[in-house]
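Asks: This is a predicted model, with the sequence first.
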Amino acid sequence: MTMRLRQIFYFFLLGMFVGLSLSGLIYWVITSIWFGNHLTGNLGRTDVASVTQWLAPIVWEGTFDSTVIDSIYKQQNITVATTVFALGKYTRFLKDFLESAEEHYFVGFRVHYYLFTDQPEEVPNVKLGQERYLTVKKLPSMNRWQDISMSRMGILEKLIKDELASEADYIFCLDVDTKFHGRWSVESLGRLVGVIHPWFFDAPRFIFTYERRPESQAYIPAEEGDYYFTGAAFGGSLEDVHHLTKTCREQMNIDIANSIEAIWHEESHLNKYFLHNKPSKLLSPEYLWRDISMSSGYVKIIRFSHVAKNNAEVRPNL
Ligand SMILES: CC(=O)N[C@H]1[C@@H](OP(=O)(O)OP(=O)(O)OC[C@H]2O[C@@H](n3ccc(=O)[nH]c3=O)[C@H](O)[C@@H]2O)O[C@H](CO)[C@H](O)[C@@H]1O
Ligand SMILES: [Mn+2]
């Protein structure tokens with residue numbers, strides 16, 4: 001009798017197990033196959049904002065499906081122009097920059113690096129993958145680091161206008177004192193793309209180091225501004241980045257004529273530009289972190305970071 005009861009009990013348990021598994025399977029079939037992802041594919045983060053007030057996505061780990069997004073861009077045969085400047089002692093950063101980019105940056109897509117330097121002989125010989133190209137362009141040396149940093153806008157404006165039109169679809173302009181540590185790929189593409197500065201993403205607005213003197217063209221009043229963007233990485237379509245670099249160059253020239261230099265140089269002008277020309281996509285500080293040794297709970301993966309450097313030792317002036 002007890003034997004029989006036990007059998008019934010086990011049979012019941014088995015029935016429960018099969019029933020639950022079946023209903024789980026049916027639920028999965030209905031939601032993902034019948035409905036597809038449009039109803040239930042709920043990617044996103046709850047600990048950080050992943051969309052701006054003007055409905056531009058903010059790219060964080062966990063907000064996109066890399067397989068889906070790769071397959072979209074694979075069909076488009078795109079070329080991503082990538083610019084980097086290395087003058088004076090900054091040529092020492094090139095090897096790590098290029099080697100790590102070959103490992104993590106737009107892997108499997110066509111990338112054309114444009115490298116501006118005053119010492120082409122110092123450009124390291126880095127083995128590039130298939131469909132990866134490097135063009136070295138010589139620049140005269142400059143003796144103020146601020147001038148090097150700011151002059152990038154005008155040089156990029158000219159590069160885009162004179163050479164890139166039929167050569168590339170998108171462009172990213174990056175600092176060289178940096179290194180890639182994780183995927184940076186097509187999820188970052190957009191018409192106009194800004195990267196949230198790693199030191200200010202969790203700071204209140206009054207801390208943002210916008211230019212606060214009304215005499216400068218980069219001036220932003222205390223009650224304005226959405227995010228503080230880094231000058232070390234920005235990008236987008238050729239047309240939009242051309243307009244950005246042209247505008248920043250013109251605004252910096254007006255400042256020069258008025259004998260004023262914005263507090264954070266072209267970064268200040270970039271922030272002013274983004275105030276009136278909202279980026280269509282924002283990249284989280286995963287796309288330019290402080291230094292690989294620092295951590296933050298929000299940043300689940302460091303994709304690109306500044307490297308620790310001794311400014312007094314590498315810059316031509318203080
Ligand atoms: C985190 C961040 O947002 N950094 C910004 C910040 O400091 P940074 O300390 O990052 O500026 P930086 O010294 O890296 O200079 C910017 C870039 O100019 C180039 N360079 C500079 C000096 C030199 O002797 N040789 C040379 O090639 C190089 O590509 C470098 O990456 O302020 C700069 C201008 O105010 C830029 O806006 C930087 O992007
Ligand atoms: Mn830098």
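Replies: Perfect, I can see it now. Ligands and ions are numbered 1, 2, ... in the order given.
Asks: Please name the nearest non-neighbouring residue to the residue of the chain found nearest ligand 2.
Replies: Residue of the chain nearest ligand 2, by Cβ to the ion: residue 175 (3.6 Å). Just so you know, the C-beta spots here come from the backbone N, C-alpha and C atoms, and that holds for glycine as well. In space, and not counting its chain neighbours, residue 175 is closest to residue 232: 3.8 Å by Cβ to Cβ, 6 or more residues apart in numbering.
Asks: Briefly note if the helix or strand hosting that neighbour comes near ligand 1.
Replies: Element membership for residue 232 (DSSP states H and E) is strand 229-237. Yes - among the residues of strand 229-237, 230-232 lie within reach of ligand 1 under Cβ under 6 Å from any ligand atom.
Asks: residues of the helix or strand encompassing residue 155 that come out buried?
Replies: Using DSSP H and E, residue 155 maps to helix 145-159. Within helix 145-159, the residues scored as buried using 16 or more other Cβ atoms under 10 Å are 145, 148-157, 159.
Asks: before we move on, what about stretch 291-306?
Replies: Neighbour-count burial for stretch 291-306 [16+ other Cβ under 10 Å]: 299, 302-306.
Asks: pLDDT and secondary structure added to those residues, as JSON lines?
Replies: Output for the buried residues of stretch 291-306, formatted as JSON lines (pLDDT from 0 to 100; DSSP: H, G, I helix; E, B strand; the rest coil):
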{"residue": "299", "pLDDT": "96", "secondary structure": "coil"}
{"residue": "302", "pLDDT": "97", "secondary structure": "coil"}
{"residue": "303", "pLDDT": "98", "secondary structure": "coil"}
{"residue": "304", "pLDDT": "98", "secondary structure": "strand"}
{"residue": "305", "pLDDT": "97", "secondary structure": "strand"}
{"residue": "306", "pLDDT": "97", "secondary structure": "strand"}
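Asks: List the residues that contact residue 138.
Replies: Residues in contact with residue 138 (Cβ atoms under 8 Å, 6 or more residues apart in numbering) are 116-118, 120.
Asks: Show me where the stretch 201-318 of the chain has its helices.
Replies: 238-257, 265-276, 311-314 (DSSP state H, counting those that start in this stretch).
Asks: circling back: could you list the paired strands of whichever helix or strand comes after the helix holding residue 155 along with their orientation?
Replies: Next along the chain after helix 145-159, taking DSSP H and E as the criterion, comes strand 170-174. In the sheet, strand 170-174 lines up against strand 79-86 (parallel), strand 229-237 (antiparallel) (DSSP bridges).
Asks: How far away from the center of its chain is strand 170-174?
Replies: 9 Å (Cα atoms, centre = their mean, to the nearest Å).
Asks: now that strand against helix 145-159, angle please.
Replies: Angle between the axes of strand 170-174 and helix 145-159 is 170 degrees (criterion: axes from the mean of the first three to the mean of the last three Cα atoms, to 10 degrees).
Asks: Name the residues that touch strand 170-174?
Replies: Contacts for strand 170-174 (Cβ under 8 Å, 6+ apart): 78-84, 97, 152, 156, 160, 164, 188-189, 193, 232-238, 241, 304.
Asks: Ok, stretch 205-223 next?
Replies: 200, 225, 228, 251-252, 254-255, 258, 260, 262-264, 268-269, 271-272, 275.
Asks: Ligand 2 contacts on this structure?
Replies: Within reach of ligand 2 by Cβ under 5 Å from the ion, the chain has these residues: 175, 177, 232.
Asks: contacting residues for the second one?
Replies: Yep, that's residue 177 we're talking about. Listed by Cβ under 8 Å, 6+ apart, the contact partners of residue 177 are 90, 93, 306-307, 309, 314.
Asks: Out of these, which are close to ligand 1?
Replies: Contacts with ligand 1 are made by 90, 306 out of the contacts of residue 177, judged by Cβ under 6 Å from any ligand atom.
Asks: ok, and the most crowded of the contacts of residue 177?
Replies: Using other Cβ atoms under 10 Å as the neighbour test, the contacts of residue 177 are led by residue 90, with 24 neighbours.
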